[in-house]
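Q: Just need the structure, nothing else, for what follows:
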Amino acid sequence: MELYLKVRLARSEGMSQRDLARHFNISRDSVRKMLAFSSPPGYRRTKEIKRPKLDGFSEIIDGWLEEDKKLPRKQRHTAKRIHERLKAEHEFTGGYTIIKDYVRQRERRTREMFVPLAHPPC
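A: Next comes the predicted model:
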């Protein structure tokens with residue numbers, strides 16, 4: 001991120017792309033990409049991860065988490081508790097990490113988002 005900023009700043013001061021590549025010891029293609037984007041592009045997964053061991057249990061987990069919304073925060077299910085309960089009550093054979101990742105992903109999807117509104121003065 002810092003290199004992005006330095007390259008863009010040096011370019012605004014008048015250095016050519018070739019000089020930037022030579023000065024920062026990077027390729028001209030990298031310089032071109034850094035000038036095209038204001039920040040480094042992030043990694044995005046193209047396909048969703050398949051979790052075959054979780055297929056039949058996701059509805060059960062969703063049900064528990066929906067019921068938890070009515071409970072006080074301290075009494076809600078954690079990923080660890082969900083894993084223990086699935087193993088005990090439903091003979092789940094998958095690992096804890098699968099449950100943890102699913103719960104985290106579900107929380108991100110259902111989280112309420114607010115869009116700040118800005119209006120020009122009348």
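
Q: OK, contacts around Thr93?
A: Lys53 (CB atoms under 8 Å, 6 or more residues apart in numbering). To be clear about C-beta, it is placed using only N, CA and C from the backbone, and glycine gets the same treatment.

Q: Can you give me the distance of it to Thr110?
A: Look at Thr93 and Thr110: by CB to CB, to the nearest Å, they are 27 Å apart.

Q: how is the protein carved up into domains?
A: As given by automatic domain parsing, the domain ranges for the chain are 2-36, 52-110.

Q: what sits up against the longest helix along the chain?
A: Of all the elements of type helix in the chain, the one with the most residues (DSSP state H) is helix 96-110. Here helix 96-110 makes contact (CB under 8 Å, 6+ apart) with 49, 51, 53-54, 58, 61-62, 65, 79-80, 82-83, 86.

Q: Please list only the buried members of the residues you listed.
A: Buried members of those, counted by 16 or more other CB atoms under 10 Å: Leu54, Ile61, Leu65, Ala79, Ile82, His83, Leu86.

Q: Among these, find me the one that's closest to Asn25.
A: For those, the minimum distance to Asn25 (CB to CB) is 44.4 Å, reached by Ala79.

Q: Give the residue spans of the protein that score low on pLDDT.
A: Across the chain, the ranges flagged by pLDDT under 70 are 1.

Q: As CSV, the contacts of helix 96-110 with distance to Val31 and secondary structure would be great.
A: Supplementary listing: the contacts of helix 96-110 in CSV, determined by distance: CB to CB, whole Å; DSSP: H, G, I helix; E, B strand; the rest coil:
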residue, distance to Val31, secondary structure
Ile49, 35, coil
Arg51, 41, coil
Lys53, 46, helix
Leu54, 44, helix
Ser58, 46, helix
Ile61, 47, helix
Asp62, 48, helix
Leu65, 47, helix
Ala79, 44, helix
Lys80, 47, helix
Ile82, 48, helix
His83, 48, helix
Leu86, 51, helix
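
Q: I'm done for today, thanks for sticking with me.
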